[in-house]
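Participant: pasted the sequence and its predicted model underneath.
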Amino acid sequence: MQGVSDPDKIAKNLRAFQMAINAHNQQNPDHNVLGLGLSAFDIERLGLEIGEEILPGVPIQEINVTVGNFRVLCDGEHDEGLAGEVREAQEVDAVSTQEVTTTAPAEVEVGAPAGR
């Protein structure tokens, strides 16, 4: 481990990692856990290293995931219902059928009594 993070933070994360792995294994008994995916920021923040085994046989891997989240990585296919389905981003213009009027906020002097 590069830098040592707060022991309470590490303990909470280890507990969350183990709970997620246990839930994954219970729901997907035929899948093998390959590791835990974390964002680069979280890996650094927690003082971990890519490839480090955070739990026995469970290495840390860097993936594109939202900061503060992690993902159990396995050898199974979880999107079987989406196989063959292609998702494309579609750009559209937002159009309203109603006119919306806005007003500028009133200027208030900093430190002025309320109601002035």
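Facilitator: Noted; the coordinates are in hand.
Participant: what's the burial count for the closest residue to K9 other than its chain neighbours?
Facilitator: Closest residue to K9 apart from its sequence neighbours, by C-beta to C-beta, 6 or more residues apart in numbering: L46 at 7.1 Å. To be clear about C-beta, it is placed using only N, CA and C from the backbone, and glycine gets the same treatment. Look at L46: counted by other C-beta atoms under 10 Å, it has 20 neighbours.
Participant: and G57, by the same measure?
Facilitator: G57 has 9 neighbouring residues, counting by other C-beta under 10 Å.
Participant: and the gap between it and D6?
Facilitator: 25 Å (C-beta to C-beta, to the nearest Å).
Participant: likewise for L14?
Facilitator: To D6, L14 is 12 Å away according to C-beta to C-beta.
Participant: then G76?
Facilitator: In this view, G76 and D6 are 34 Å apart by C-beta to C-beta.
Participant: what about those two, which has more around it?
Facilitator: Using other C-beta under 10 Å, the more surrounded residue of G76 and D6 is G76, with 13 against 10.
Participant: and the closest residue to that one other than its chain neighbours, how many residues sit next to it?
Facilitator: Nearest non-adjacent residue to G76, counting by C-beta to C-beta, 6+ apart: H31, 3.2 Å away. Look at H31: counted by other C-beta under 10 Å, it has 15 neighbours.
Participant: which residues sit in contact with H31?
Facilitator: By C-beta atoms under 8 Å, 6 or more residues apart in numbering, the contact set of H31 is 24-25, 74-76.
Participant: again, but for I60
Facilitator: When contacts are counted by C-beta under 8 Å, 6+ apart, I60 touches 35-36, 38, 43, 48-54.
Participant: go on, I50?
Facilitator: Counting by C-beta under 8 Å, 6+ apart, I50 makes contact with 43, 59-62.
Participant: following the chain onward from the top helix by length along the chain, which element is next?
Facilitator: Once the chain is assigned using DSSP state H, the helix that runs over the most residues is helix 7-27. Downstream of helix 7-27, the first helix or strand assigned by DSSP states H and E is strand 33-38.
Participant: who does that next one pair up with?
Facilitator: For strand 33-38, the paired strands and their directions (DSSP bridges) are strand 58-62 (parallel), strand 70-74 (antiparallel).
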